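J.: model this:
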Amino acid sequence: MSDPSDHSEQPRRADGAPPADASHTADEIERQKRSGESAAAARIGNQALWVDQQIRVAMAQGEFDDLPGSGRPIADLGTEHDPDWWVKRLVEREQITGVLPPSLQLRRDDAGLDDLLDALTVESEARREVEDFNARVIRARYTVVDGTPPLITMPRDVEATLGAWRERRTARVAAMRAQAQAQAAAARAPRRPWWRRHP
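T.: Numbers count the residues shown, from 1 in each chain. I've put the predicted structure just below:
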């Protein structure tokens, strides 16, 4: 019969070492937990110092030199306080569309429709843009949203809008042709030899 105190008969770990005492293992786990918590607390406490150090290093390396807007006054700082100033700046800077109420968005679209059409060269595309604008105006008329400005934008007369677009396009083409002819004439004009240019 074997002696229970004989370590050779007890099961061993894979590395051949005798099994750890359960209380010793629990103490080790608790010690690691406490040290981890204290390390995290120390990191949180020193975070402000670390950030300040990173800023000082970046300044020494010149990372903050020549930033856009450096040395210039902040635009619109003297105007009255607007709590939504940052949203308006974001919309303007990122050119975000579709966040206005439909009535205001349609006013803006109506004001810029001619410029949009002038960028097109095919009449079918211009017609599609005008018809799409009219469909959005009609849809907004039948969609009532409380608390928004009233819809005052009217649908465009498609044929009249396209007629004005054709006239503007013809005028642009004629101006471009005249400019090209003037440049060609200037290139063809005889030039005096260089020795006769100065009296």
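J.: and Ile152, its phi and psi?
T.: Ile152 adopts backbone torsions of phi -110, psi 0, taken as degrees, to the nearest 10.
J.: tell me which residue is most central in this structure.
T.: Glu94 (5.2 Å; Cα atoms, centre = their mean).
J.: that one and Arg72, how far apart?
T.: Relative to Arg72, Glu94 is positioned 21 Å away (Cβ to Cβ, to the nearest Å). For every residue, glycine as well, the C-beta is placed using N, CA and C.
J.: got it, and Ala126?
T.: From Ala126 to Arg72 the distance is 42 Å (Cβ to Cβ).
J.: so which of those two has more stuff around it?
T.: Legend: neighbour count by other Cβ atoms under 10 Å for Ala126 and Arg72, higher for Ala126 (22 against 7).
J.: elements contacting the helix or strand hosting the more buried one?
T.: Ala126 belongs to helix 123-141 when assigned by DSSP states H and E. In terms of contacts (3 or more Cβ pairs under 8 Å, 6 or more residues apart in numbering; DSSP states H and E), helix 123-141 is packed against helix 102-118, helix 158-188.
J.: just those: most buried one?
T.: Among the helices and strands packed on helix 123-141, helix 102-118 has the highest mean neighbour count (mean count of other Cβ atoms under 10 Å), at a mean of 15.
J.: for that one, which helices and strands make contact with it?
T.: Short answer (3+ Cβ pairs under 8 Å, 6+ apart): helix 102-118 packs on helix 123-141, helix 158-188.
J.: contacts for that helix?
T.: With Cβ atoms under 8 Å, 6 or more residues apart in numbering as the test, helix 102-118 has contacts from 97-98, 100, 126, 129-130, 133, 136-137, 140, 143, 145, 148-153, 156, 161, 164-165, 168-169, 172.
J.: how does it look with 7 Å?
T.: Helix 102-118 is contacted by residues 98, 100, 126, 129, 133, 136-137, 140, 145, 148-151, 153, 165, 168 when judged by Cβ atoms under 7 Å, 6 or more residues apart in numbering.
J.: again with stretch 84-97
T.: Val99.
J.: and that stretch, how far out from the chain's middle?
T.: On the basis of Cα atoms, centre = their mean, to the nearest Å, stretch 84-97 sits 10 Å off its chain's mean C-alpha point.
J.: pLDDT of that stretch, averaged?
T.: pLDDT averaged over stretch 84-97 equals 75, rounded to a whole number.
J.: for this structure, what's the longest helix?
T.: helix 22-60 (DSSP state H).
J.: report all helices and strands that it contacts.
T.: In terms of contacts (3 or more Cβ pairs under 7 Å, 6 or more residues apart in numbering; DSSP states H and E), helix 22-60 is not packed against any helix or strand.
J.: coming back round to it: pick out the most distant pair among the contacts of helix 102-118.
T.: Val145 and Arg168 (34.5 Å; Cβ to Cβ).
J.: need the helices and strands packed on helix 102-118 in a markdown table with mean pLDDT and distance to Arg56, can you?
T.: Shown next, in a markdown table, are those (pLDDT from 0 to 100; distance: least, Cβ to Cβ, whole Å):
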| stretch | mean pLDDT | distance to Arg56 |
| --- | --- | --- |
| helix 123-141 | 93 | 55 |
| helix 158-188 | 91 | 58 |
